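Colleague: please find the sequence and the predicted model below.
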Amino acid sequence: ARGPRLDELPAEMLLKVLRAVVAQTAATATKAATAEVRGREEGGERAELEPELEDGLEALRSLLGVAGVNRRLRAVCFDEFVRSVELPSRRRRSVTAGKAPAKLKRQRGSLELAQPPGGAAHDVEFALARFAALETLVVRDGVTPAVKIRGDALLRATVKVRERVGSERHRSRLLKRLEIDVALASCDSEDLALRQWMQNVGTHLSVLKLNVDALGRAELDAFFAAICDVCGPRLRELRLRGVGHQLSQFASLTKIRHLEHLDFGHSMIGEAQIDAISQLEHLRSLRVPSCGLFDDNCLALLVDPQRSRLCRLELLDISYCTLVTDRGLQTLAKHRHFLRALRELELTGLSKITAAGARTIAKHIAPLRVLDIAACPAISDSGIAALLAAPIEELRGATDEWAAA
């Protein structure tokens with residue numbers, strides 16, 4: 001008599017068996033890849049690791065195919081296998097950070113300063129001063145030490161542009177997309193320069209992404225109010241990372257009437273701020289990861305049809321908002337009909353979500369296109385099994401819980 005197929009086992013036992021199969025296959029592939037690299041390096045040849053990966057995947061595919069495992073579980077196993085294989089790192093030439101030149105990427109109508117050199121803030125100012133005929137300007141925080149851009153430097157850059165261009169006709173060609181990953185720094189107690197800078201460049205912005213974690217309460221409050229006043233008519237996407245204070249002017253956010261994408265990661269976002277956010281009726285994605293004040297009550301405000309206008313919301317990211325519990329997910333499930341457009345839910349790092357919360361998602365919040373439950377250690381195998389059986393197209397992070405078990 002034949003033994004039971006894997007797909008005939010109870011869900012929790014099936015996960016344990018698959019975890020062991022994946023771990024063994026990954027260990028074998030790691031050993032083969034290490035031997036390959038050593039052999040090629042001794043012979044002075046370049047190591048190609050792809051064959052070892054393909055061999056491991058083929059072995060895993062054969063095992064799961066014979067065992068009769070369904071397609072969704074096979075996909076999860078393949079993902080865990082690739083993440084588990086420890087590939088030997090290839091040698092790379094080291095580059096001295098101090099000697100690395102600023103990397104500029106120029107395209108028609110756009111400029112990207114991808115690697116501002118540490119301490120050379122004048123290079124950043126030079127790049128900013130070139131946006132007279134640009135629609136897109138991106139300043140990335142590169143591998144070198146972070147550069148802080150003072151408000152007076154930003155203002156000087158805009159003044160140079162106005163002096164060089166000198167006509168209202170050309171001023172209408174100011175930026176439509178502005179991304180500065182480098183931290184903005186204040187130059188006085190009120191930082192009038194930052195507000196004046198925003199008045200100069202913000203009138204035509206549709207996308208604004210800034211890092212404001214170095215600003216104090218007073219200057220950040222005034223700067224935020226300026227953003228809402230100046231950018232309100234046209235802005236569609238706003239990302240302000242590192243809002244370290246509860247702003248008295250936060251209600252001004254409702255002036256940005258057509259905002260579709262909002263990101264307040266690593267910020268002080270509590271019930272008062274969520275109350276304002278919930279009035280943005282055109283909002284399609286909301287990201288508030290690592291917001292220490294965001295709790296079940298905040299989630300309830302977002303989904304309450306009596307107080308919220310977020311019926312168009314498609315993506316909700318509350319990763320690492322560690323005060324959210326199963327009770328918050330129950331509230332979300334209760335008002336799922338209001339959030340009927342919701343397709344992506346990111347719950348990474350919610351340590352208080354248990355298997356009960358996972359079952360709530362599977363029964364009452366799904367269907368979903370994407371669900372991320374990485375680093376949720378309280379979700380047991382029974383909860384993961386319930387999610388695997390739910391109508392969720394892409395389940396992320398389930399394999400993280402395997403590795404932790």
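Modeller: Great, that's in hand. Fair warning: this is a prediction, and the values are worked out from it, not measured in the lab.
Colleague: what strands line up against the top strand by length along the chain, and which way round?
Modeller: Using DSSP state E, we find that the single longest strand of the chain is strand 177-185. Here strand 177-185 has these sheet partners by DSSP bridges: strand 136-139 (parallel), strand 149-150 (parallel), strand 207-211 (parallel).
Colleague: okay, and Leu329 sits in which element?
Modeller: For Leu329, the host element (DSSP states H and E) is helix 326-334.
Colleague: circling back to that earlier point, now the strands paired with strand 177-185 as CSV including mean neighbour count, mean pLDDT and distance to His261?
Modeller: Every residue, glycine included, has its C-beta placed from N, CA and C. Output for these, formatted as CSV (neighbours: other C-beta atoms under 10 Å; pLDDT from 0 to 100; distance: least, C-beta to C-beta, whole Å):
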stretch, mean neighbour count, mean pLDDT, distance to His261
strand 136-139, 20, 72, 16
strand 149-150, 21, 72, 24
strand 207-211, 21, 92, 8
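Colleague: please convert these to CSV, extending it with distance to Gly242.
Modeller: Shown next, in CSV, are these (distance: least, C-beta to C-beta, whole Å):
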stretch, distance to Gly242
strand 136-139, 16
strand 149-150, 14
strand 207-211, 6
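Colleague: other SSEs contacting the helix holding Leu329?
Modeller: Other elements packing on helix 326-334 under the criterion 3 or more C-beta pairs under 8 Å, 6 or more residues apart in numbering; DSSP states H and E are helix 296-303, helix 355-360.
Colleague: average pLDDT across the shortest one?
Modeller: Computed over helix 355-360, the mean pLDDT rounds to 96.
Colleague: helices or strands up against that helix?
Modeller: Where contact means 3+ C-beta pairs under 8 Å, 6+ apart, helix 355-360 is packed against helix 326-334, helix 381-389.
Colleague: by mean pLDDT, show me the worst of the ones you listed.
Modeller: Within these, confidence is poorest for helix 381-389, with a mean of 91 (mean pLDDT).
Colleague: list the strands paired with the very next helix or strand once past that helix, with their directions.
Modeller: Following helix 381-389 in sequence order, the next helix or strand is strand 392-396 (DSSP H and E). Sheet pairing here is set by DSSP bridges, and for strand 392-396 it gives strand 368-372 (parallel).
Colleague: run the angle between the partner strand and helix 381-389 for me.
Modeller: 150 degrees (axes from the mean of the first three to the mean of the last three C-alpha atoms, to 10 degrees).
Colleague: what residues does strand 368-372 touch?
Modeller: Contact with strand 368-372 is made by 319, 342-348, 361, 387, 391-397, as judged by C-beta atoms under 8 Å, 6 or more residues apart in numbering.
Colleague: am I right that Leu253 is in contact with Leu280?
Modeller: Yes. Using C-beta atoms under 8 Å, Leu253 is in contact with Leu280, at 7.3 Å.
Colleague: find residues that contact each of those two.
Modeller: Common neighbours of Leu253 and Leu280, counting by C-beta under 8 Å, 6+ apart, are Leu259.
Colleague: and the longest strand of the chain, C-alpha only, in PDB?
Modeller: C-alpha atoms of strand 177-185 as PDB (Å, rounded to 0.1, in the frame of the first residue of the first chain):
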ATOM      1  CA  ARG A 177       8.600  66.000  -9.600                       C
ATOM      2  CA  LEU A 178      11.100  66.600  -6.700                       C
ATOM      3  CA  GLU A 179      12.700  63.800  -4.600                       C
ATOM      4  CA  ILE A 180      15.400  64.700  -2.000                       C
ATOM      5  CA  ASP A 181      16.500  61.700   0.100                       C
ATOM      6  CA  VAL A 182      19.100  63.800   1.800                       C
ATOM      7  CA  ALA A 183      17.900  65.300   5.100                       C
ATOM      8  CA  LEU A 184      16.800  68.900   5.100                       C
ATOM      9  CA  ALA A 185      18.300  71.000   7.800                       C
END
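Colleague: tell me the mean pLDDT over that strand?
Modeller: On average, strand 177-185 scores 80.
Colleague: likewise for stretch 264-279?
Modeller: Average pLDDT, stretch 264-279: 95.
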